[in-house]
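>>> here is my input, please return the structure:
(chains A and B, ligands or ions: 1)
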Amino acid sequence: MSLPETTDEILPTSTDEVCAALAENASGEQRAVFPVGGRTALHYGYAPQTPGVALSTHNLHRVIDYPARDMTITVEAGICIDNLADTLKAEGQRLPIDVAQSSRATLGGVLATDTNGARRFGFGTMRDYVIGITAVDAAGKPFHAGGRVVKNVAGYDLCKLMIGSLGTLAVVTEVTLKLKPLPESSTLLWCRFDGWQDLDAALEGLLRSDTRPVAVEALNSEAAHDVVSESRLELPTNGPIACFGFEGTQRETDWQMERLTNELKQANVAELAQVSHEQSESLWFALADFAVTSEEPLTFQAALRPSRTIEFVKLATDAGVSIVAHAGDGVVIGHLPDDVTTLEAAQSVLDPLQQMAARGDGDLIIFDCAEDWKQSIPVFGERMTHWGLMDKIKQQLDPNNLLNPGRFGLPAEAI
Amino acid sequence: MSVDEMTTTSESLPAILDNLREIVGADSVLSSHEQLLVYECDGFVIEKNTPDCVVFPETTEQVVAIVKLCNQHQIPFVPRGAGTSLAGGCLPVGGGVMIALTRMRGIHEVNLRDRYAVVGPGTVNVHLTQHLKGTGFHYAPDPSSQGACTIGGNVATNSGGPHTLKYGVTVNHILGAEVVLPDGEVVQLGGYLAESPGYDLTGLFVGSEGTFGVCTKVIVRLTRDPAAYRTMLGVFETVSDATQSISGIIGAGIIPAALELMDQGIIEAVEAAFGFGFPLDAGAVLLIEVDGLEVAVDNEAKQIVELCEQHGAREVRKADSPQQRDLLWKCRKKAFGAIGRLSPSYCTQDGVVPRTKLPEILKFITESGARHDIRIVNVFHAGDGNIHPILLFDERDSEQVERVLRASDEILNRCIELGGSVTGEHGIGVEKISFMNKLFTAEDLETMESVRIAFNPLGLCSPQKMLPTAGACGMEHIERSHPARKAAL
Ligand SMILES: Cc1cc2nc3c(=O)[nH]c(=O)nc-3n(C[C@H](O)[C@H](O)[C@H](O)COP(=O)(O)OP(=O)(O)OC[C@H]3O[C@@H](n4cnc5c(N)ncnc54)[C@H](O)[C@@H]3O)c2cc1C
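Below you'll find the predicted structure:
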């Protein structure tokens, strides 16, 4: 974990207490403040260069308002994803975002890192669900944006600004979400291909498919092996794998499984396995947990055009990278192999991948690696024209650079 | 207000006009009083002010040059699409240069495999729809004004529409935008891909109502067409039966593609205009559409019919043929056009309540109309709880205008009390600025203001919009010499 070792922690129990703590800090010691939730993703971005204090949302876990018939919920940001899911399940509802380590990850952390997974193809990401927030800026000033209704254009959409901002702009304390009904049935179709070309052709064929999958995943053998053993299912792992998810009424998922099975048989699929509703949960979990890093030397996420994704996956596979791609969206998660132990070795794997991503208008960002490597590997890829605007926003909201200083490596964050 | 009264720009105006003509060509600058009259207001007719001139750029470079010129002379400027804003978003407060984007209407690229299209901001929403017909893909947001409004305007206002119940509003379908910032710098927000590192400035820009710069290119996400539709018309004795049915449908976990309500007043006007065969004695009708797989839609439709019947529907008709479906949608989307039959002027309000509060707010609207002696009819996105009471009046009668404003305010205040918002899709513009401090605290507004300053520090771009504080920075001179905004009320 990449917080300075001496970091002490404050544990406020309400938005007011967050305000008080931050106001006191801002007018007093001006220490750096590191907002933390479930501590599952603290390695994102650059580690803080200064000592400071962790502000934990651990004690902010209440459900504030759940008008289930309006299909919205307002909760405190420290609620853990599994608890949120249980609350919603009791009303037949859910937040359809795949989250790794969901027993620990908090909603606030998911929001700050814009976590998502396989089902983003069908359901989108956090920006499609957060309709209101309460947050506290570095000076201890609380602010709201959005509201509690599903449609609302009053004021600037600061919810969007907070999502993915890695806790650099404000501490989010409360979140209002728009919800979806839980589907009656959720199934997956797991397909092995003899080669990447066949798999890519099958993905292209999806454009004309009669089915509407909610997830379109591609895995190489290394990743498939990990995911399958984690799921404890019996599925083929040897060769390029595509995996399609279906959700809806049972009638809908049954029909789509059959239909896509037939379509793929026309498209050179080598082997097919249908994962039933009963088995699907463990596979969804395993797919989500793939993004979690353990001992791997480096984990990255690349964004590409969907049409260029398989070409990239193939290149990465040849370099020994373990890959799960949200192929329908062109988002690729990769772990470098264990034998990459030096910065030079990491760079020689990453360089061609970064170049290929850039050629397809994409980029490659580092989720996790040794902190000293981050001095040489650009964590957020090539700087883009909007980086200057980000810097101005950071300066406006956190002029003294107190919140997660240096996380993005912006000029405004320079110490 | 005429150009001559503009103290801020009048001295420099002739020189600026020459410069503008150099940038875009003489044909693309309007400056005579008669020409400018068309631009004195948008779909919000209660406040009016003419700009000093209107320019029609065709390229990003021209927009940059115009914006830099305005900066050089400290003149306010305001982007304008088709001018269908119902909140006065295009009102040139303080005069200045209006940048009309209607000539930047190219559909530059359509990429089905990667599910995006790149369009100019002036592209009319329905032109993109037509362009995509037959490809198996579409651009989902379909505001009722789609025959006229532009994608740039949709981005600026984060437009909704009938099908946003299931598919989400504009922001859910925008991948990226090229923006000329208020100081003339060009930035690319987002891109072609599903992810881009850093803050979600695309999401922040959408809905910023022209105050964060001029959008010169939009990358929209394309959605696959549904395999099948079922379109129904539920006929109800009372509005309350109709709204109870809505709660019933959504409560059963069914999210229709669209769920639109029309009350008796509007049915009458629409029937007179289009002759669909609406029952004139019904209290309300619900236009309900489900879409999805062929194997699923019949079942969903059947469930919906049952739920409507449980909640007292007189009958639920099915639009069996594509022609009937098209006509039904035409009636809905052109309902506003039919209102001309009811009164010379109308004001379309836009509020939101949690959808379970619909019966309450509709009752309140009826009472409010009676209290202020203003006829109000309703046609709205009921599934989202997004109400559009339409207040009928005669613009020439200032006393009626007063009553319309009072009734509107009362309804919007009630939306806030019920836990909702004063705008679901039309925006704050100039119309609703005075509600911002009812919805938001001083701290909220301060934070929003600081974000505005990051984009638009001098406040030259769309001054006096969205935030009650907007323009506090550098716009004092304009406010002092041009009190027209309030005077026009
Ligand atoms: C009959 C009718 C029905 C309507 N139905 C709906 C509906 O169903 N849903 C809905 O959401 N709205 C609806 N509206 C409102 C309106 O059509 C939308 O707000 C629409 O998005 C405005 O588009 P426009 O091109 O007309 O923009 P304009 O009215 O020209 O501008 C609107 C705002 O956007 C800014 N703007 C325009 N272009 C740009 C640009 N390129 N860059 C930066 N800022 C820009 C302007 O400054 C202004 O603030 C309706 C309006 C009418 C008259």
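>>> helix or strand for whatever residue of the stretch 301-415 of chain A ends up closest to the ligand, which one?
Nearest to the ligand in the stretch 301-415 of chain A, going by C-beta to the nearest ligand atom, is residue A:389, at a distance of 15.4 Å. Where you see a C-beta, it was placed from the backbone N, CA and C, and this is true even at glycine. Per DSSP states H and E: residue A:389 is located in helix A:387-397.
>>> quick one: distance of that helix to the chain centre.
23 Å (C-alpha atoms, centre = their mean, to the nearest Å).
>>> got it, and stretch B:128-147?
17 Å.
>>> just the helices from the stretch 301-450 of chain B, written as ranges.
Using DSSP state H, counting those that start in this stretch, the helices found in the stretch 301-450 of chain B span residues B:322-333, B:335-338, B:358-371, B:398-417, B:436-439, B:442-455.
>>> tell me what angle the helix holding residue A:389 forms with helix B:442-455.
Going by axes from the mean of the first three to the mean of the last three C-alpha atoms, to 10 degrees, helix A:387-397 is angled at 150 degrees with respect to helix B:442-455.
>>> what's the pLDDT at residue B:33?
pLDDT, residue B:33: 93.
>>> domains for chain A, by residue range?
Chain A is divided into the following domains under automatic domain parsing: A:1-182+A:383-415, A:185-289, A:298-375.
>>> how long is the second one from one end to the other?
Domain A:185-289 has its terminal residues 21 Å apart, counting by C-alpha to C-alpha, to the nearest Å.
>>> same question for it, mean pLDDT?
Domain A:185-289 comes out at a mean pLDDT of 96.
>>> that domain: how far from the chain's middle?
Using C-alpha atoms, centre = their mean, the offset of domain A:185-289 from its chain centre is 21 Å.
>>> quickly check: that domain near chain B or not.
Yes: counting by C-beta under 8 Å from any C-beta of the partner chain, chain B has neighbours in domain A:185-289: A:204, A:207, A:208, A:210, A:211, A:212, A:248, A:249, A:251, A:252, A:255, A:256.
>>> helix/strand/coil for residue 145?
Assuming you mean chain A. strand (DSSP: H, G, I helix; E, B strand; the rest coil).
>>> switch to chain B, please.
Note that with three-state DSSP, the state of residue B:145 is coil.
>>> mind checking how far the residue positioned nearest the centre of chain A is from residue A:128?
Centroid-nearest residue in chain A, with C-alpha atoms, centre = their mean: residue A:115, separated by 2.0 Å. Look at residue A:115 and residue A:128: by C-beta to C-beta, to the nearest Å, they are 13 Å apart.
>>> how about residue A:317?
31 Å.
>>> before we move on, the earlier item: quickly, which of the helices of the stretch 301-450 of chain B bottoms out on average pLDDT?
With a mean of 84, helix B:335-338 has the lowest mean pLDDT of the helices of the stretch 301-450 of chain B.
>>> next, see if that helix gets close to the ligand.
Yes: judged by C-beta under 6 Å from any ligand atom, helix B:335-338 comes into contact with the ligand at residue B:336.
>>> where in the chain is pLDDT low?
With no chain named, the answer covers chain A. The model of chain A has pLDDT under 70 over residues A:1-6, A:414-415.
>>> switch to chain B, please.
Chain B contains residues with pLDDT under 70 at B:1-11, B:470-489.
>>> A strand includes residue B:235, no?
Yes: the assignment for residue B:235 (three-state DSSP) places it in a strand.
>>> what does the stretch 301-415 of chain A put close to chain B?
So the stretch 301-415 of chain A meets chain B at A:301, A:303-307, A:329-331, A:361-363, A:365, A:380-381, A:384-390, A:392-393, A:395-397, A:408 (C-beta under 8 Å from any C-beta).
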